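S.K.: Provide a 3D model corresponding to the input given below.
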Amino acid sequence: MHVQEWLDTVPPGAVYAVVALVIGMESLGIPLPGEIVLVSAALMSSQHSHINPVVLGACATAGAVVGDSIGYAIGRKGGRPLLAWLGKKFPKHFGEGHVATAERSFEKWGMWAVFFGRFVALLRIFAGPLAGVLHMPYWKFLIANMLGGLCWAGGTTAVIYYVGVVAESWLKKFSYLGLVAAVLIGLVSMLVVKRRAKKAQAAHQETEEAEPVAARE
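M.R.: Residues are numbered from 1 along each chain as shown. Got it, this is the predicted structure:
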């Protein structure tokens with residue numbers, strides 16, 4: 001909500017630049033809320049005709065591709081000492097555990113980690129620099145980077161834009177009824193998710209408790 005309010009204060013023409021810059025810096029390896037900014041801007045484009053969703057998607061894609069490429073170059077030059085330095089400066093995002101998780105994903109999936117990493121917050125920050133550190137061939141990185149950026153940025157913009165248009169039209173017709181229904185759906189969804197999470201946690205704990213018993217036997 002704060003991002004939405006802040007973007008409302010930005011001149012319409014500058015929204016494209018802000019989205020491209022934030023996503024580019026996030027892709028470069030700086031932990032910024034790129035996805036939140038993109039979703040907020042796409043929602044604005046569904047409510048304000050002065051923000052073109054096609055131009056917005058193109059700018060977001062360009063920011064993602066350019067930022068990832070710069071991150072790749074920095075990672076290739078800085079190597080593992082760069083990751084160690086980032087871990088000290090930003091332990092929440094570049095801690096040893098996060099780096100190890102991202103590295104395992106790269107070792108297992110290769111260039112597909114770059115593509116699918118665009119849709120995962122942790123890998124979205126790591127993809128460029130880590131691909132450079134691991135010396136992934138640049139042509140593979142570039143293909144995955146461009147396809148991932150296009151699908152993520154363009155797809156997110158399109159989905160949020162059309163959802164916003166439909167929601168706005170629907171809420172205009174059913175105002176309070178639509179609002180109440182949306183709140184109820186949200187609450188039910190949250191309760192279902194929490195219930196499933198508790199079940200999964202309980203099952204995990206049972207598995208952990210059973211392992212020592214099995215080991216003793």
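S.K.: residue 154 and residue 57 touch, don't they?
M.R.: Yes - here residue 154 reaches residue 57: they are 4.4 Å apart, a contact under Cβ atoms under 8 Å. Just so you know, the C-beta spots here come from the backbone N, C-alpha and C atoms, and that holds for glycine as well.
S.K.: quick one, which of the two is more surrounded?
M.R.: For residue 154 versus residue 57, neighbours defined as other Cβ atoms under 10 Å are more numerous around residue 57 (24 against 18).
S.K.: and the more buried one, which of the three is it?
M.R.: Per DSSP: H, G, I helix; E, B strand; the rest coil, the local secondary structure of residue 57 is helix.
S.K.: which neighbouring elements make contact with whichever strand or helix holds residue 112?
M.R.: Using DSSP states H and E, residue 112 sits within helix 111-117. Secondary-structure packing of helix 111-117 (3 or more Cβ pairs under 8 Å, 6 or more residues apart in numbering; DSSP states H and E): helix 96-109, helix 121-133, helix 138-149.
S.K.: list the buried residues in that helix.
M.R.: Neighbour counts using 16 or more other Cβ atoms under 10 Å place 111, 113, 114, 115, 116, 117 of helix 111-117 among the buried residues.
S.K.: again, but for stretch 140-154
M.R.: When burial is assessed from 16+ other Cβ under 10 Å, stretch 140-154 yields the following buried residues: 141, 142, 144, 145, 146, 148, 149, 150, 152, 153, 154.
S.K.: nearest to residue 123, of the residues you listed?
M.R.: Using Cβ to Cβ, residue 148 comes nearest to residue 123 of the buried residues of stretch 140-154, at 9.9 Å.
S.K.: and the nearest residue to residue 34 once chain neighbours are set aside, what does it touch?
M.R.: Spatial nearest neighbour of residue 34, excluding adjacent residues (Cβ to Cβ, 6 or more residues apart in numbering): residue 26 at 3.7 Å. Residues counted as contacts of residue 26 (Cβ atoms under 8 Å, 6 or more residues apart in numbering) are 32, 33, 34, 67, 124, 125.
S.K.: the fifth one against residue 34, yeah?
M.R.: Yes - under the contact definition of Cβ under 8 Å, residue 124 touches residue 34, with a separation of 7.1 Å.
S.K.: now the common contact residues for those two.
M.R.: Common neighbours of residue 124 and residue 34 (Cβ under 8 Å, 6+ apart) are 26, 27.
S.K.: the strand or helix carrying residue 36: which residues count as buried?
M.R.: Assessed by DSSP H and E, residue 36 sits inside helix 34-47. Buried positions in helix 34-47, judged by neighbour count with 16+ other Cβ under 10 Å: 34, 35, 37, 38, 39, 40, 41, 42, 43, 44, 45, 46.
S.K.: residue 63: which of these is nearest?
M.R.: Closest approach between the buried residues of helix 34-47 and residue 63, by Cβ to Cβ: residue 34, at 8.0 Å.
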